[in-house]
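Undergrad: Fold the following for me, if possible:
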Amino acid sequence: MQRSLHSGTHCEAIEWRGVLDDSVRQAWCDLLSRIPEAPIFYYPKWCELSALAKAIHPWRILLVWRNDRLIGLVPLQKRSPWCAEITAFFAQYTPPLLIDPTAEDICWSVIADWMRQEKGLGMISFGPGSTDRRARYIEQAFTSSGMVTSSRQLPATMRIALPAHWEDYLISLGKNTRRNLKQSEARLRRDFADVEIDMMTGEPACSAALPDLIRLFRKRWQNQVGGSPLHDVRNTQAYTAIIRWAAQHGFLVMPVLRIDGNVIAILTVFHIPGQQVAYCHTVARDVDALPSSYSPGMVLYSNLLNQMISRGVTCVDFGHGNAFYKQLLGGQELTVREICVVRSRLASILLPTIERSLYIARRLPVHLAYHLRSFSSHESI
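TA: As a prediction, the model looks like this:
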């Protein structure tokens with residue numbers, strides 16, 4: 001369905017069930033090329049592979065055109081019959097919200113006009129990661145169309161700035177951290193006969209490491225509420241396909257620590273050659289195989305950061321959470337905000353409360369199962 005709004009500019013909302021039309025994919029890639037440092041989560045293949053495995057449930061893609069050139073793309077899924085949100089799978093705080101940086105003001109005005117005419121839609125969450133600049137564009141566009149915007153701050157993400165040389169990075173750290181990074185690997189190699197640290201790239205090597213990644217990630221997060229995300233078969237299928245695709249195109253580095261032939265820790269790091277930012281995505285470690293006093297995570301991270309410096313990377317995004325080890329490695333907090341738009345002031349009072357109630361109802365069986373398992377384990381002890 002197409003809506004003409006501004007002169008030479010219109011918004012098209014197309015149905016999307018996972019497979020993209022070739023013309024849409026081509027326009028998506030063209031827009032992607034105009035967005036500096038666009039992360040891998042913005043790529044159409046990331047979304048397609050997620051959708052094909054049913055790890056996400058796409059509804060529509062908003063396409064904003066100006067003189068037949070795509071200037072905005074927003075993939076949406078329904079959160080409830082009257083609310084939508086950005087469609088994202090394992091996208092950290094960078095969901096696929098593609099806006100031509102030279103046309104951000106007009107693009108948001110067009111999207112606001114589309115929502116105003118879409119009578120059955122009461123609220124859209126534009127996801128986390130909105131910068132202050134983007135938040136201002138969204139607020140101005142939607143309030144001008146008579147709607148209400150809200151913003152909430154989420155737990156910060158951590159980013160580590162990297163200099164041009166490894167020794168300069170070490171100098172930037174605290175004395176104790178610098179000594180720990182230098183001594184931890186030496187201690188491992190002294191106490192164990194067979195220690196391997198590999199920076200795996202390419203599809204064959206990364207595919208071979210996938211079973212260990214999935215196994216350790218499931219084990220690491222199995223006790224959280226809802227269990228590990230990779231316990232879900234659909235998520236595992238999607239992530240497996242994404243890992244293989246990224247490795248085939250040179251977008252993936254998998255640092256692996258092995259001791260006596262056993263994988264102790266493994267990371268997935270997405271980096272598009274030529275870009276300044278790399279994304280540390282998943283972290284998995286066998287907490288039972290090696291005492292934490294050996295700092296296997298810090299050993300692997302130090303090798304990773306050294307590798308990223310050699311690639312010309314100037315920033316590594318460590319994702320959400322301000323864990324202490326990220327701070328030790330020089331991580332700086334980056335404020336993360338979620339922007340929501342609601343049709344009217346009355347809707348802004350009612351819909352968030354209803355949405356929250358529905359979310360609690362959906363999660364109730366998960367929490368009950370978690371607490372029942374916890375109770376059973378204590379009883380058996």
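
Undergrad: residues near M254, how many?
TA: 26 (other C-beta atoms under 10 Å). In short, each C-beta sits where N, CA and C put it, glycine included.

Undergrad: who's in contact with the residue lying closest to it once chain neighbours are set aside?
TA: Of all residues not flanking M254 in the chain, M200 sits nearest, at 4.2 Å (C-beta to C-beta, 6 or more residues apart in numbering). Counting by C-beta atoms under 8 Å, 6 or more residues apart in numbering, M200 touches 206, 209, 253-256.

Undergrad: Please report how far M200 lies from R189.
TA: Per C-beta to C-beta, to the nearest Å, M200 is found 20 Å from R189.

Undergrad: Would you map the strands across the stretch 201-350 of the chain?
TA: 252-259, 262-270, 277-285, 315-320, 332-342 (DSSP state E, counting those that start in this stretch).

Undergrad: Then the stretch 51-200 of the chain?
TA: 60-66, 69-80, 83-86, 98-99, 123-128, 148-161, 195-200.

Undergrad: Point out where the protein drops to low pLDDT.
TA: 1-6, 91-92, 129-130, 223-227, 346-381 (pLDDT under 70).

Undergrad: how is it carved up into domains?
TA: Listed by automatic domain parsing, the domain ranges of the chain are 2-154+336-343, 163-313.

Undergrad: Quick one: closest of these to L328.
TA: domain 163-313 (4.8 Å; C-beta to C-beta).

Undergrad: Tell me who's in contact with S344.
TA: Applying C-beta under 8 Å, 6+ apart, the residues contacting S344 are 146-148.

Undergrad: ignore the last one, D198
TA: Neighbour list for D198: 205, 255-256, 258 [criterion: C-beta under 8 Å, 6+ apart].

Undergrad: do the same with V336
TA: Residues in contact with V336 (C-beta under 8 Å, 6+ apart) are 93, 128-129, 153-157, 320.

Undergrad: Any of the residues you listed buried? List them.
TA: 93, 128-129, 156-157, 320 (16 or more other C-beta atoms under 10 Å).

Undergrad: What is the most widely separated pair among those residues?
TA: Using C-beta to C-beta, the buried ones among the contacts of V336 span at most 11.6 Å, a distance reached by G129 and A156.

Undergrad: Looking at the contacts of D198, which one is closest to L230?
TA: V256 (17.2 Å).

Undergrad: how deep is that closest one tucked in, by neighbour count?
TA: 22.

Undergrad: State the distance from it to G174.
TA: V256 is 27 Å from G174, by C-beta to C-beta.
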